[in-house]
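Novice: curious how this folds, go ahead:
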Amino acid sequence: RNVMLGRIQPAYFPHVFGQSGDQPLAAEVVRQTFTALATEIGDGRSPEQVAEGFLAIAVANMANAIKKISVQKGHDITEYALTTFGGAGGQHACAVADSLGIRTVVVPPMAGVLSALGIGLADTSAMREQSVEARLEPAVMDQLLSLAGDLEAAAAAELVDEGAPADEISVTHRALLRYDGTDTALPVSLADPAAMVAEFEAAYRRTYSFLLDRPLVVEALSLEAVARTHSSPHDLATIHSVRRSGLSQDPVENVRMYTGGRWRAVPLYERGGLPVGAGVAGPAIIAEPNATTVVDSGWRAS
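Specialist: The predicted structure is shown next:
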């Protein structure tokens, strides 16, 4: 639908299609498909109007999802900013914000690949858990410590296999404790029995406002091993760098986009070529290597 309406311009979209993975979007195939669909529907709507219908449904679904986690829980989001991510986020953001009464949209650098970037920057972790079901008492500590050592070795080996340096792995041991005869377990740091009892009772009192006169049971041991990420697939400095030369307030070219019920010539800008503080009045398109942002009528980007 966005290709059909000119909201995505194939010349400014990554050429990753076709058998060799180096071809542009096939805009003519998109137009043929929507023309056939409009003919099949047969209610007099043009291919562009059919595509607009799909776009309206997509925007409504996104807006309703946001309302479900905000407005329906009593939050007034009209003073919030809507942040976009994903390759399609910037193409729908203004319309979604309009439907929610939001007046500010933030499109961060690398928005189109934000999830992939986050995965690349995230620490690598390995989790292990082992059922125990034993009374918490001094006699069981040797068993717990031995089991914790086995879990740590297995988790660390997994991280080393993934390329993490063995000397940069940190480990957190926890025991899941519960009162005997209950099924509510709370995590505490694996330590000597007295320290675990004290931590459990403090957490239990905060949660339930009372304690029980019952022995404690170690339901399970859990472990998280984390290897800190010191490098990323991208040089983060370049994400926030600003070009100092070759900048222009002028659009790269004017392109055709279907907006307001008709085809219009709208300016297309390349984000990396805009100077800091530049203003872009909608309707307009701002293209970058991994995302396209549509500035709808009534909106202004800077």
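
Novice: nearest residue to P215 in space, please, no chain neighbours.
Specialist: D180 (4.9 Å; CB to CB, 6 or more residues apart in numbering). For every residue, glycine as well, the C-beta is placed using N, CA and C.

Novice: likewise for E158?
Specialist: Closest to E158 by CB to CB, 6+ apart is A126, at 4.4 Å.

Novice: who are the packing partners of whatever helix or strand the one you found lives in?
Specialist: Using DSSP states H and E, A126 sits in strand 124-135. Helices and strands touching strand 124-135, by 3 or more CB pairs under 8 Å, 6 or more residues apart in numbering; DSSP states H and E, are helix 141-161, strand 216-227.

Novice: if I pick the residue nearest to M62 when sequence neighbours are not counted, what's in contact with it?
Specialist: Excluding the flanking residues, the one nearest M62 by CB to CB, 6+ apart is V96, at 5.1 Å. Residues near V96 by CB atoms under 8 Å, 6 or more residues apart in numbering: 59, 62-63, 66, 82, 102.

Novice: where does this protein dip in pLDDT?
Specialist: 229-245 (pLDDT under 70).

Novice: quick check, central residue of it?
Specialist: In the chain, the C-alpha nearest the mean C-alpha coordinate belongs to S115, at 4.8 Å (CA atoms, centre = their mean).

Novice: what segments of the stretch 1-150 of the chain are helices?
Specialist: 27-41, 47-68, 89-100, 114-121, 141-161 (DSSP state H, counting those that start in this stretch).

Novice: tell me the angle the last one makes with strand 216-227.
Specialist: Same thing as helix 141-161. Helix 141-161 runs at 20 degrees relative to strand 216-227, counting by axes from the mean of the first three to the mean of the last three CA atoms, to 10 degrees.

Novice: ok, residues contacting helix 141-161?
Specialist: Counting by CB under 8 Å, 6+ apart, 124-130, 132, 134, 166, 169, 171, 173, 175, 190, 192-193, 218, 221, 223-225, 227 sit against helix 141-161.

Novice: next one: the longest one
Specialist: Here helix 47-68 makes contact (CB under 8 Å, 6+ apart) with 1-2, 4-5, 31, 34-35, 37-38, 41, 45, 77, 82, 92, 95-96, 99-100, 258, 263.

Novice: what residues of it count as buried?
Specialist: Going by neighbour count (16 or more other CB atoms under 10 Å), the buried part of helix 47-68 is 47-48, 50-52, 55, 58-59, 62-63, 66.
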